[in-house]
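# turn this into a structure:
(one chain, ligands or ions: 1)
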Amino acid sequence: MKLWGGRFTKSTDKNVDDFNSSIKFDCRLYKQDIIGSIAHAKMLGACGIIPQHESELIQSTLKEILTDIENGSVEFEVDAEDIHMNIEKILISRIGDTGKKLHTGRSRNDQVALDIRMYLRDEINEIKSMLLALMETLVNLAENHLDTIMPGYTHLQRAQPITFAHHLMAYFQMFKRDHERLSDCYKRINVMPLGSGALAGTTYPLDRYMVAKELNFPSITENSLDGVSDRDFAIELASCMSILMMHLSRFSEEIILWSSHEFSFIELDDAYSTGSSIMPQKKNPDVAELVRGKTGRVYGNLISLLTVMKSLPLAYNKDMQEDKEAIFDSIDTVKMCLPVFTGMLSTTKVRKENMYQAAKGGFTNATDVADYLTKKGIAFRNAHEIVGKMVLYCIENDKALEDLSMEEFKQFSEVIGEDIYQQISLEKCVSDRNIPGGPSIPSVSVSIQNAKKVLSEFTKEKIDF
Ligand code: ARG
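Residues are numbered from 1 along each chain as shown. As a prediction, this is how the structure comes out:
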């Protein structure tokens with residue numbers, strides 16, 4: 001018999017039971033469901049809505065059920081539909097009529113909204129600490145590569161010299177924003193919906209604030225229809241995770257390129273690469289490729305959620321049960337990707353010399369030659385053209401700009417003197433870019449110092465929680 005079976009004269013078709021049931025995927029909400037129910041039962045007792053001793057019996061039995069679930073001694077049933085009714089059914093099977101009082105003043109609609117919010121809160125905290133570990137790895141790596149010169153790219157063409165530290169710290173900034181976005185999203189998840197009932201609140205004098213306090217929510221939802229019918233908070237999290245995966249995917253793409261023979265900027269550790277079943281020489285960056293690939297499913301989940309919610313009339317609709325697999329899958333994916341990505345990065349061998357040679361070979365100091373001419377009184381546009389001709393000459397003669405002799409330089413411009421060699425060395429090109437936010441060692445050191453402050457704030461935030 002279904003918990004809602006009173007007005008029915010037939011049992012549910014077997015196919016409908018399977019179709020309607022969400023227990024296969026919402027069983028992971030068991031803990032939040034039980035903790036939420038304990039708070040609700042406690043409040044029902046405290047407000048005199050059910051007798052105190054019954055409230056206590058419900059609470060203690062729910063705790064036992066939680067332990068039993070965690071010990072693996074509880075089996076959920078498909079025809080009890082979802083996690084909420086499964087647990088309620090078990091409660092009733094253990095304490096009979098008293099168990100039937102738990103659902104007083106509550107609906108599964110506000111119950112599920114509560115459970116998801118509680119679940120997402122926990123998961124956000126886990127994702128944030130994984131992200132923090134990645135950010136720490138980035139800072140450590142950057143500190144060791146302040147003077148590792150590499151080409152910076154635009155259009156994937158060598159552009160200007162930068163340092164590996166500077167490149168890594170660019171990702172630090174992205175992940176910092178991802179971390180902040182997760183914290184911000186958390187604020188909107190952290191609102192307590194119980195008391196919204198099915199849609200119109202309840203006639204029982206529930207103490208919503210007490211429940212909120214019990215469950216560590218700083219506030220309660222302000223409109224019962226909204227409390228049960230929106231999933232914007234889950235969509236927001238799916239969006240934060242999509243942006244985070246976009247960043248991981250770009251980084252993965254670079255790792256894949258850098259570890260190719262053509263770049264040879266890095267070598268992945270054997271523990272983070274895989275071989276080929278046919279080609280004995282292969283060492284493939286599968287981890288980075290999978291992170292890049294899994295980004296697609298995280299984006300897909302975001303679109304699924306947006307589409308499920310699109311055009312739903314207020315308030316609850318069963319369509320909303322479809323929110324779970326999408327958001328769970330994004331969470332699982334992000335939580336799989338982050339630690340393995342961090343491990344891959346921290347064990348990667350950096351081929352400093354190859355990075356340097358690539359910066360040297362790609363005319364990455366051409367802008368600096370033009371700037372040199374400009375400082376000697378030539379208008380920038382003219383300087384640009386002169387250097388363009390120099391580059392052409394170098395390509396034809398297989399030379400780098402700094403390899404040209406004084407006679408060769410003079411053919412292009414009379415203003416060029418011996419000081420050019422010092423001015424256009426890669427080291428000087430980098431050290432002259434000493435602007436805040438630039439790649440010079442002092443500039444990147446400042447950004448690393450700032451990053452360390454951010455890391456300690458984020459760590460403190462974690463401890464405070
Ligand atoms: N399993 C449902 C969900 O995930 C719980 C809420 C069901 N409410 C209802 N009125 N059928 O959305």
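
# what about the residue located most distally from the centre of the chain, helix or strand, and which?
Relative to the centre of the chain, and counting by CA atoms, centre = their mean, the farthest-placed residue is E407 at 55.6 Å. Using DSSP states H and E, E407 maps to helix 406-412.

# and the residue farthest from the centre of the chain, what's its pLDDT?
pLDDT recorded at E407 is 95.

# tell me how far it lies from E414.
Counting by CB to CB, to the nearest Å, the gap from E407 to E414 is 12 Å. C-beta coordinates here come from the backbone N, C-alpha and C atoms, glycine included.

# list the contacts of the helix holding E407.
I386, K389, M390, Y393, I416, E418, I420 (CB atoms under 8 Å, 6 or more residues apart in numbering).

# one more pass at 7 Å, please.
With contact meaning CB atoms under 7 Å, 6 or more residues apart in numbering, helix 406-412 is reached by I386, K389, M390, I416, E418, I420.

# give me the neighbour count for the first one.
Yep, that's I386 we're talking about. Neighbours of I386 under the rule other CB atoms under 10 Å: 18.

# quick check, it in a helix?
Yes: under DSSP: H, G, I helix; E, B strand; the rest coil, I386 falls within a helix.

# what sits against it?
L373, F412, S413.

# ok, I58 - how many residues close by?
26.

# excluding chain neighbours, what is closest to V139?
Spatial nearest neighbour of V139, chain neighbours left out: A451 (5.1 Å); criterion: CB to CB, 6 or more residues apart in numbering.

# quick one: pLDDT of that neighbour?
98.

# how close does it get to I255?
According to CB to CB, A451 stands 20 Å off from I255.

# so for the two, which sits in the more crowded spot?
Using other CB under 10 Å as the criterion, A451 and I255 rank with I255 on top: 24 against 21.

# select the longest helix from the chain.
What stands out as the longest helix in the chain, according to DSSP state H, is helix 108-143.

# still on that earlier bit, which element follows the helix holding E407 toward the C-terminus?
Taking DSSP H and E, what comes next after helix 406-412 is helix 419-423.

# tell me which residues in that following helix are buried?
By 16 or more other CB atoms under 10 Å, the buried positions in helix 419-423 come out as I420, Q423.

# what sits against F328?
By CB under 7 Å, 6+ apart, the residues touching F328 are F25, R28.

# how about the worst-scoring helix or strand of the chain on mean pLDDT: buried residues?
Ranking every helix and strand in the chain by mean pLDDT, DSSP states H and E puts helix 14-20 at the bottom, with a mean of 91. Neighbour-count burial for helix 14-20, with 16+ other CB under 10 Å as criterion, is recorded at D17.

# pLDDT of the helix or strand following it, averaged?
Proceeding N to C from helix 14-20, the next assigned helix or strand is helix 23-26, under DSSP H and E. Across helix 23-26, the average pLDDT comes to 97.

# can you give the contact residues for helix 23-26?
If you take CB under 7 Å, 6+ apart as the criterion, helix 23-26 is touched by F76, V78, A80, E81, D82, I83, N86, K324, E325, F328.

# those residues: which ones sit near the ligand?
With CB under 6 Å from any ligand atom as the criterion, the contacts of helix 23-26 include D82 near the ligand.

# only whichever of the contacts of helix 23-26 are buried, select them in PyMOL.
In PyMOL, a selection of the buried entries from the contacts of helix 23-26 looks like this (16+ other CB under 10 Å):
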select buried, resi 76+80+81+82+83+86+324+328
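
# widest-spaced pair of the contacts of helix 23-26?
Across those, the longest distance by CB to CB is 19.9 Å; it joins A80 and F328.

# can you give me the strands for the stretch 251-400 of the chain?
For the stretch 251-400 of the chain, applying DSSP state E, counting those that start in this stretch gives strands covering 266-267, 349-350.

# please name every helix or strand in contact with the last one.
Counting by 3 or more CB pairs under 7 Å, 6 or more residues apart in numbering; DSSP states H and E, the packing neighbours recorded for strand 349-350 are strand 266-267.

# now do the strand it packs on: which elements does it pack against?
When contacts are defined as 3+ CB pairs under 7 Å, 6+ apart, strand 266-267 packs onto strand 349-350.

# partners of the strand it packs on, with directions?
Looking at strand 349-350 with DSSP bridges, its partner strands are strand 266-267 (antiparallel).

# tell me if stretch 6-18 is near the ligand.
No: counting by CB under 6 Å from any ligand atom, the ligand has no neighbours in stretch 6-18; the shortest distance is 12.8 Å.

# ok, now which ones touch whatever residue of the stretch 301-450 of the chain ends up closest to the ligand?
Minimum separation of the stretch 301-450 of the chain from the ligand (CB to the nearest ligand atom) falls at Q321, amounting to 3.7 Å. By CB under 7 Å, 6+ apart, the contact list for Q321 reads S22.

# same question for the one 10 residues further on.
For I331, the set of contacting residues under the criterion of CB under 7 Å, 6+ apart consists of E123.

# so which bits of the stretch 201-350 of the chain are right by the ligand?
Near the ligand, when you scan the stretch 201-350 of the chain using CB under 6 Å from any ligand atom, you find Y316, K318, M320, Q321.

# in stretch 430-449, what's buried?
Buried residues in stretch 430-449, counted by 16+ other CB under 10 Å: V430, S431, R433, G438, P439, S440, I441, S443, V444, S447, I448.

# now do the same for the fourth one: its pLDDT.
According to the predicted model, the pLDDT of G438 comes to 98.

# likewise F465?
60.

# in the stretch 151-300 of the chain, which residue sits closest to the ligand?
Counting by CB to the nearest ligand atom, the stretch 151-300 of the chain gets nearest the ligand through A198, at 6.8 Å.

# so that residue sits right up against R108, yeah?
No: the pair A198 / R108 is not scored as a contact, 8.2 Å apart, by CB atoms under 7 Å.

# helices of the stretch 351-465 of the chain, residue ranges please.
Using DSSP state H, counting those that start in this stretch, the helices assigned to the stretch 351-465 of the chain run over residues 352-361, 366-375, 380-397, 406-412, 419-423, 426-432, 441-464.

# give the other helices and strands that the fifth one contacts.
Contacts of helix 419-423 with other secondary structure elements, assessed using 3+ CB pairs under 7 Å, 6+ apart, are made with helix 366-375.

# would you mark the buried spots in the helix it packs on?
Across helix 366-375, burial judged by 16+ other CB under 10 Å covers A366, T367, D368, V369, A370, D371, Y372, L373.

# equivalent analysis for stretch 342-361, please.
Residues 342-346, 348, 350-351, 354-360 are the ones in stretch 342-361 that count as buried (16+ other CB under 10 Å).

# where along the stretch 51-200 of the chain do the helices fall?
52-71, 83-95, 108-143, 164-189.

# and D269, which of the ones you listed is closest to it?
So among those, helix 108-143 is nearest, using CB to CB, at 13.3 Å.

# and that closest one with helix 83-95, angle?
120 degrees (axes from the mean of the first three to the mean of the last three CA atoms, to 10 degrees).

# related to what we said a few turns ago, which two from the contacts of helix 406-412 end up farthest apart in space?
For these, and using CB to CB, no pair is farther apart than K389 and E418, which are 20.9 Å apart.

# no further queries at this time; thank you.
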